[in-house]
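Student: got a sequence here, can you build the structure:
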Amino acid sequence: MRQGAQFDRAERVADAIRKLVSEALIMEVSDPRVRGAQITRVRMTRDLRIARVYYHLSPSTEQRRATMARGFKSVAGFIRKRIGDEMSLKFTPEVEFYYDESVDLGERIDRLMAGERGEGRDE
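Tutor: Predicted coordinates for the structure are as follows:
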């Protein structure tokens, strides 16, 4: 098998899981701790056995992030079952949820750049 084809498959599976998780969070999951989360990306391991789902919450605080992490830990089994029911995969991947700090970092850089340019300053 061509190595590039394996990565393409992992990306296609990751994209399908991202869509499935996003829809499940909106339509099926009733746990209020995960409301408002945006699924930003999914990374699959090479063997497709682990799906690392990254989410973001805006605005986020440490307390909300901790609450949301507990919520995602609680719904991970349900999400895994939905993946198993909807997708034709040899193995149903374990689902791990991670807070995506890259969005916060990008927003921080934007604020710093705006401050550097003097935007928002009174003259």
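Student: which parts of stretch 9-19 are buried?
Tutor: For stretch 9-19, the neighbour count (16 or more other CB atoms under 10 Å) marks Ala10, Val13, Ala14, Ile17, Arg18 as buried. C-betas here are computed from N, CA, C, even on glycine.
Student: can you tell me the closest non-neighbouring residue to the second one?
Tutor: Spelled out, that is Val13. If you skip the residues right next to it in sequence, Val13 has Met44 as its closest partner in space, 5.5 Å away by CB to CB, 6 or more residues apart in numbering.
Student: with respect to pLDDT, which of the buried residues of stretch 9-19 ranks lowest?
Tutor: In terms of pLDDT, the least confident member of those is Ala10, at 92.
Student: which strand residues bridge the most centrally placed residue in the chain?
Tutor: Within the chain, one residue has its C-alpha closest to the average C-alpha position: by CA atoms, centre = their mean, that is Tyr54, at 2.5 Å. On DSSP bridges, the residues paired with Tyr54 through beta bridges are Arg41, Tyr98.
Student: surely it is in contact with Val42?
Tutor: Yes. If you go by CB atoms under 8 Å, Tyr54 and Val42 touch, sitting 7.1 Å apart.
Student: what touches both of these two?
Tutor: Listed contacts common to Tyr54 and Val42 are nil; contacts here mean CB atoms under 8 Å, 6 or more residues apart in numbering.
Student: count of residues packed around the nearest residue to Pro32 once chain neighbours are set aside?
Tutor: Of all residues beyond its chain neighbours, the one nearest Pro32 is Gly71 (7.7 Å), with distances taken as CB to CB, 6+ apart. By other CB atoms under 10 Å, 18 other residues sit near Gly71.
Student: Gly71: what's it in contact with?
Tutor: Gly71 makes contact with Asp31, Pro32, Arg33, Val34, according to CB under 8 Å, 6+ apart.
Student: okay, stretch 62-75 in PDB with CA atoms only?
Tutor: The C-alpha coordinates for stretch 62-75 follow below in PDB (Å, rounded to 0.1, in the frame of the first residue of the first chain):
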ATOM      1  CA  GLU A  62     -10.600  27.400  33.500                       C
ATOM      2  CA  GLN A  63     -13.700  26.400  35.300                       C
ATOM      3  CA  ARG A  64     -15.800  26.000  32.100                       C
ATOM      4  CA  ARG A  65     -13.000  24.000  30.500                       C
ATOM      5  CA  ALA A  66     -12.800  21.700  33.400                       C
ATOM      6  CA  THR A  67     -16.600  21.200  33.500                       C
ATOM      7  CA  MET A  68     -16.600  20.600  29.700                       C
ATOM      8  CA  ALA A  69     -13.700  18.100  30.000                       C
ATOM      9  CA  ARG A  70     -15.800  16.100  32.500                       C
ATOM     10  CA  GLY A  71     -18.800  16.300  30.200                       C
ATOM     11  CA  PHE A  72     -16.800  15.000  27.200                       C
ATOM     12  CA  LYS A  73     -15.400  12.200  29.400                       C
ATOM     13  CA  SER A  74     -19.000  11.300  30.200                       C
ATOM     14  CA  VAL A  75     -20.200  11.200  26.600                       C
END
